[in-house]
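Novice: How does the following fold in three dimensions:
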Amino acid sequence: MVIGRICQSFDLFVFGLGCVLAFPEVFFPFASHMDGVFYSFVLFALAFVARPLGSMFFVVLQRQFGIAAKLTIALFLLGMATAGTAFLPGYSTLGWAAIAALSVLRFVQGFALGGSWNGLASLAALKAPKDKRGWYAMLPQLADPIGFILAAALFAYIWAALTPQEFIEWGWRYPFFAAFAINIVSLFASLRMVVAPRYAEQLKERDLEPTSMRQLMREQGRNVGLGTFAPLASYALFHLVTIFALSWALLYTQQSVTSFLLVQVVGAFVAMPCMIISGKVANRFGRRTTLGVGGVLIAVYSGWTALLLSGGVVNSYLFVIVGYALLGFTHAQAAGAVSANFPPEFRYSGAMITSDFGWLIGAGFAPLVALSLAIYAGVPYVGLYLLTGAVGTLAALWFSRQSGLPND
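Specialist: Sure, this is the predicted structure:
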């Protein structure tokens, strides 16, 4: 379960870091570096647009042919799109066709990610004792900081080992080759689990078979909305301290790319014990309460965004480290809060589609929006943007409590 999530997270961050470090020069050399980053962030968001479409398509496929066939096709598409990006010639060779091809490959990545949902996290949460659900909800989320650590460390090593020209010409492609190899491992690891008879029996026994999207929206539309907005603060912060922070450091400070990436790696390590703490707190006080406390802390943190981003090197490092600590605490329970809103028969499809919508609204456009606000409106508006995510989280949790939905 964790291995598959690490692979997905690694894929996500390899592309995101490539949007800052390589794509502006490789695919948008006709624009300024700042505009090239903007264009790259538009492509970055395409995967989050495609993800719910992929989820809905692969739900139909799963109901017809089974989860093993669904995962095989989805992870094969994901690997092919990732490998295609690694081999794709740049603008100097193909012109606008290179940008079009990169757009298609990014869309296919998101579409395939939607199909890679396997229900293992939902099954683990259902099987866990009531007083351990926060802990079990946290475990799959550990994969996200691990995926970032692997991607950022690899980019930092390649950036430090090569000249800028070598990195742009061919060095940036190596992380995508690594992502392709990791996807193969993920495919076999996932298939080994989901084809086991015990897994299939538990899916049926606990009503974790997918339901139609029409039935889900008709009977659980309110919970879909609450599940989409409940993790919004966490998802917005997710890309602000990773992709956006790196773009800001590269464009508007004199900091070394390698040093900043390593600071982000340290931040990801800080997030991991914070996630463990979150799991223990959620066991005692409930997942909704824990996520609400995290939303309040992110709201407070948003008020310091302008100072941390416009200060100096130390302040920017604090922005990253403190942001990762808060991210770890809140992100650990984001999936748990989504799953707990649904009755068992809708949990598989409900958790899947609300996660997709949450990532789309909260994270997909976050680097693009944050960079646009910082440049054209001012750095304080980045904090305001993050504050809206925290307000969305707290509002969804409040309505969830008023509806009598579970807090465990």
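Novice: my guess is Trp135 meets Ser278, correct?
Specialist: No. Between Trp135 and Ser278 there is no contact, the gap being 9.3 Å when judged by Cβ atoms under 8 Å. All C-beta atoms are positioned from the backbone trio N, CA, C, and that covers glycine.
Novice: So between the two, which is more surrounded?
Specialist: Comparing Trp135 with Ser278 by other Cβ atoms under 10 Å, the one with more neighbours is Ser278, at 29 against 20.
Novice: Please, which helix or strand holds the more buried one?
Specialist: Using DSSP states H and E, Ser278 falls within helix 257-285.
Novice: Which stretches in the stretch 251-400 of the chain count as helices?
Specialist: 257-285, 287-302, 305-310, 313-331, 334-340, 344-359, 366-376, 380-402 (DSSP state H, counting those that start in this stretch).
Novice: Check which helices and strands the third one sits against.
Specialist: When you say that, I think you mean helix 305-310. Counting contacts by 3 or more Cβ pairs under 8 Å, 6 or more residues apart in numbering; DSSP states H and E, helix 305-310 packs against helix 313-331, helix 380-402.
Novice: one more time with 10 Å, if that's ok
Specialist: Helix 305-310 sits against helix 245-252, helix 313-331, helix 366-376, helix 380-402, with contacts defined as 3 or more Cβ pairs under 10 Å, 6 or more residues apart in numbering; DSSP states H and E.
Novice: Looking at the shortest one now, give me its mean pLDDT.
Specialist: What helix 245-252 shows for mean pLDDT is 90.
Novice: CA atoms only for that helix, dumped as PDB, please.
Specialist: C-alpha atoms of helix 245-252 as PDB (Å, rounded to 0.1, in the frame of the first residue of the first chain):
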ATOM      1  CA  ALA A 245       8.500  27.600  -2.700                       C
ATOM      2  CA  LEU A 246      11.200  26.300  -5.100                       C
ATOM      3  CA  SER A 247       9.900  28.500  -8.000                       C
ATOM      4  CA  TRP A 248      10.000  31.600  -5.700                       C
ATOM      5  CA  ALA A 249      13.500  30.800  -4.500                       C
ATOM      6  CA  LEU A 250      14.800  30.300  -8.000                       C
ATOM      7  CA  LEU A 251      13.100  33.400  -9.500                       C
ATOM      8  CA  TYR A 252      13.400  36.000  -6.700                       C
END
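Novice: Which positions in it come out as buried?
Specialist: Under the neighbour-count criterion of 16 or more other Cβ atoms under 10 Å, helix 245-252 has 245-252 buried.
Novice: now the angle between helix 380-402 and it, please.
Specialist: 170 degrees (axes from the mean of the first three to the mean of the last three Cα atoms, to 10 degrees).
Novice: where does the protein have low pLDDT?
Specialist: Low-confidence segments of the chain (pLDDT under 70): 1-2, 118-129, 187, 189-208, 311, 336-341, 403-408.
Novice: Relative to its centre, which residue of it is most distant?
Specialist: Ranked by distance from the centre of the chain (Cα atoms, centre = their mean), the top residue is Thr93, with 31.7 Å.
Novice: ok, now which ones touch Met217?
Specialist: 224, 349-350, 353 (Cβ atoms under 10 Å, 6 or more residues apart in numbering).
Novice: 7 Å - rerun?
Specialist: Val224 (Cβ atoms under 7 Å, 6 or more residues apart in numbering).
Novice: Same question for Thr85.
Specialist: 102, 105, 176.
Novice: Just the element for the first one, please.
Specialist: It stands for Leu102. Residue-wise, Leu102 maps onto helix 96-115 under DSSP H and E.
Novice: what comes into contact with that helix?
Specialist: With Cβ under 7 Å, 6+ apart, helix 96-115 has contacts from 8, 11, 15, 27, 43, 46-55, 58, 70, 73-74, 77-78, 81-82, 84-85, 88-91, 356.
Novice: Just give the closest residue to Ala334, not the sequence neighbours.
Specialist: Nearest non-adjacent residue to Ala334, counting by Cβ to Cβ, 6 or more residues apart in numbering: Pro231, 3.5 Å away.
Novice: And the residue farthest from the centre of the chain, how far from Phe346?
Specialist: Using Cβ to Cβ, to the nearest Å, Thr93 is found at 48 Å from Phe346.
Novice: Likewise for Ser256?
Specialist: For Ser256 relative to Phe346 (Cβ to Cβ), the value is 49 Å.
Novice: Many thanks, we can stop here.
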